[in-house]
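> Quick one: sequence and predicted model below, then my questions.
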Amino acid sequence: MRKALSCVLMMTLLLSGCQAGGAGETPEEAALRVRDAFKEMTGWSAAVDVTAAVGDKVFDFSMDAQWRREGETVLTVTAPELLSGITARIAKGETVLEYDGAGVSLGLLDGDGRTAVSAVTGIMEQIDKGYMAKCAWAGEEEQLLQITYRDPEREPNTGTEYVLTFERESWALRSAEVSVAGETVLTAAVSNFTIEGTTQDDTGDNA
């Protein structure tokens, strides 16, 4: 009996040692919950500070993002003054960049036609259905969840990869990094992330 009890205690200790942050949830389980939470969102808004490398040029700018699952996503550059006013309006897979009524391009980040301004839609595509290659707790006291997305048919550092960081408790998006062939082409710091509705709100199932 004593030997059996010792085995039970040993198994309990081993299992406790595998629990992430003492919460009993693995990063992979948390990542699936993040995906479910974002799929239920009808929209969100945030302020985004971006650094983008396009060819031999580096752009630093800030923008207001208003993402919508249905309807029009609007991304407006707010700083610096040189780029202020550039707006990306995205609906039904089409992107229109406007500047004082005229189209403008800051160049492409990758072979998929992604631009620095419209990269937000690429980030949301990864959250919705991207292949989660790596999930890990990060930050002080493991208060952040970091997920790496990439094409499952490619080796690491050979295609386009996204590294997204979320708050562990609220699932708010905190930062994003996009790399192509191992070279970082975009980093984004996200603040004032606000959910503007869920699909349950429309059906009356969720307050």
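Alright, I've got the coordinates. The structure presented is a predicted model; accordingly, all values stated were derived computationally and were not measured.
> So Val74 is in contact with Ser45, correct?
No. Distance between Val74 and Ser45: 9.5 Å, which falls outside the contact criterion (C-beta atoms under 8 Å). Yep, even glycine has a C-beta here, placed from its N, CA and C like the rest.
> For those two, list the residues in contact with both.
For the pair Val74 and Ser45, residues contacting each of them under the criterion C-beta atoms under 8 Å, 6 or more residues apart in numbering are 65-66.
> Dead centre of this protein: give me the residue that sits there.
Most central residue of the chain, judged by C-alpha distance to the mean C-alpha position with C-alpha atoms, centre = their mean, is Leu164 at 4.3 Å.
> Is it bridged to anything, and to what?
In this structure, Leu164 has beta-bridge partners Ile147, Ala176, where bridges are defined by DSSP bridges.
> how close does it get to Gly85?
In this structure, Leu164 lies at 28 Å from Gly85, with C-beta to C-beta, to the nearest Å as the measure.
> Repeat that for Val54.
Between Val54 and Gly85 the computed distance is 19 Å (C-beta to C-beta).
> between the two, which one's more packed in?
Between Val54 and Gly85, counting by other C-beta atoms under 10 Å, Val54 is the more crowded of the two (16 against 13).
> My read is that the more buried one contacts Ala116, right?
Yes. Checked against C-beta under 8 Å, the pair Val54 and Ala116 is within contact range at 6.5 Å.
> pLDDT below threshold where in this protein?
Counting by pLDDT under 70, the low-confidence segments of the chain come to 1-23, 92-115, 118, 200-207.
> Okay, helices next: where are they in it?
Here the chain has its helices, by DSSP state H, at 2-17, 27-39, 119-129, 199-203.
> those strands in this protein, which residues are they?
In the chain, the strands defined using DSSP state E lie at 43-54, 57-68, 73-79, 87-91, 94-98, 132-138, 144-149, 160-167, 173-180, 183-195.
> and those as a markdown table, adding distance to Ala30?
Formatted as a markdown table, these follow (distance: least, C-beta to C-beta, whole Å):
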| stretch | distance to Ala30 |
| --- | --- |
| strand 43-54 | 19 |
| strand 57-68 | 22 |
| strand 73-79 | 26 |
| strand 87-91 | 28 |
| strand 94-98 | 31 |
| strand 132-138 | 7 |
| strand 144-149 | 5 |
| strand 160-167 | 8 |
| strand 173-180 | 14 |
| strand 183-195 | 17 |
